[in-house]
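# fold the following, please.
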Amino acid sequence: MKTLFHIHSLNTEHPSVVMSQHNFNAPNPALPDMLRALNPDVEIFTSVDHLEENDVFMHKNIIFETIKHFKNVDGYITDQIFTDNHHHIDSMFVNELSKLIGDRHFIIGPSFSKIPYFRQSQILDELIEYDVSGVMFDIRHIDFNNYSELQPLAKLKIHAKKRIEIIPVVSSEEKRDELTKSIPFDMVYIHP
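You can find the predicted model right below:
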């Protein structure tokens, strides 16, 4: 199992990291390149979100330019592809992102878990069509002993099969271990 660790600094001993600010905005632009130079073996995923921009046109262009800027990363993560209160995706935008990202990993961030339960499988299928590598599912605030709270995640994992990676977001290594005793995952993201 691969564990991704949230960081926004150069001090890491982890083999796989997600670089972003705590609110999931894109990191300081110098950090991914500096981390790659200091530790070439680290697998680096970076958020490309810019939550402060409200203008849709500008927002999309900021994300495009951020992806172009971060050349030394293994994958890109964004939450900002949803429309209509997380009921739909902006298909044209996702298609353009997929083309721009190419053969690197394209991951949808933790807001995927805000999609209404009855739409999650359909949206997952749409994302697979655009070569999305994985989707994060935020479970930091649920009780792992309450199986009804874990049920949407388990059903999504079953639906995904091996077509796309489902990446649960947990708050600690202890929570990761507790989760994987109930439901096995190939990848987990730790974001305190």
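# going forward, measure contacts and count neighbours with C-alpha atoms only.
Will do.
# which residue, other than its chain neighbours, is closest to residue 168?
residue 137 (4.7 Å; CA to CA, 6 or more residues apart in numbering).
# go on, residue 149?
Using CA to CA, 6+ apart and skipping the chain neighbours, the partner closest in space to residue 149 is residue 142 (6.5 Å).
# let's check: the centremost residue of this protein is which one?
For the chain, the residue nearest the mean C-alpha position is residue 109 (3.2 Å; CA atoms, centre = their mean).
# and the closest residue to that residue other than its chain neighbours, how far is that from residue 47?
Residue nearest to residue 109 in three dimensions, not counting chain neighbours: residue 79, with 4.6 Å by CA to CA, 6+ apart. Look at residue 79 and residue 47: by CA to CA, to the nearest Å, they are 9 Å apart.
# and if you look at residue 36?
16 Å.
# pretty sure the residue nearest to residue 168 contacts residue 169?
Yes: the criterion here is CA atoms under 8 Å, and residue 137 meets it with residue 169 at 5.7 Å.
# which neighbours do those two have in common?
With contacts defined as CA atoms under 8 Å, 6 or more residues apart in numbering, the residues shared by residue 137 and residue 169 are residue 110.
# quick one: mean pLDDT for stretch 109-126?
Taken as a whole, stretch 109-126 carries a mean pLDDT of 95.
# sorry, wrong one. I was asking about stretch 33-52.
The average pLDDT within stretch 33-52 is 96.
# who's in contact with it?
Residues from elsewhere that reach stretch 33-52 (CA under 8 Å, 6+ apart): 10, 14-20, 24-27, 32, 59, 62-63, 66-67, 70, 72-80.
# what is the residue nearest to residue 135 when sequence neighbours are not counted paired to in the beta sheet?
Closest residue in space to residue 135, ignoring its immediate chain neighbours: residue 108 at 4.6 Å, by CA to CA, 6+ apart. In this structure, residue 108 bridges to residue 78, residue 135 when assessed by DSSP bridges.
# is residue 159 in a helix, a strand, or coil?
helix (DSSP: H, G, I helix; E, B strand; the rest coil).
# correct me, but it touches residue 121?
Yes: using CA under 8 Å, residue 159 is in contact with residue 121, at 6.8 Å.
# between the two, which is the more surrounded one?
Set residue 159 next to residue 121 and count neighbours by other CA atoms under 10 Å: residue 121 wins out with 19 against 16.
# for that one, grab phi and psi.
As for residue 121, its main-chain torsions (degrees, to the nearest 10) stand at phi -60, psi -40.
# how much space between it and residue 185?
18 Å.
# any chance you could map the helices in the protein?
Here the chain has its helices, by DSSP state H, at 31-38, 56-69, 91-101, 117-129, 147-160, 173-182.
# redo those as TSV? Include distance to residue 192.
Shown next, in TSV, are the helices of the chain (distance: least, CA to CA, whole Å):
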stretch	distance to residue 192
helix 31-38	20
helix 56-69	24
helix 91-101	27
helix 117-129	24
helix 147-160	19
helix 173-182	10
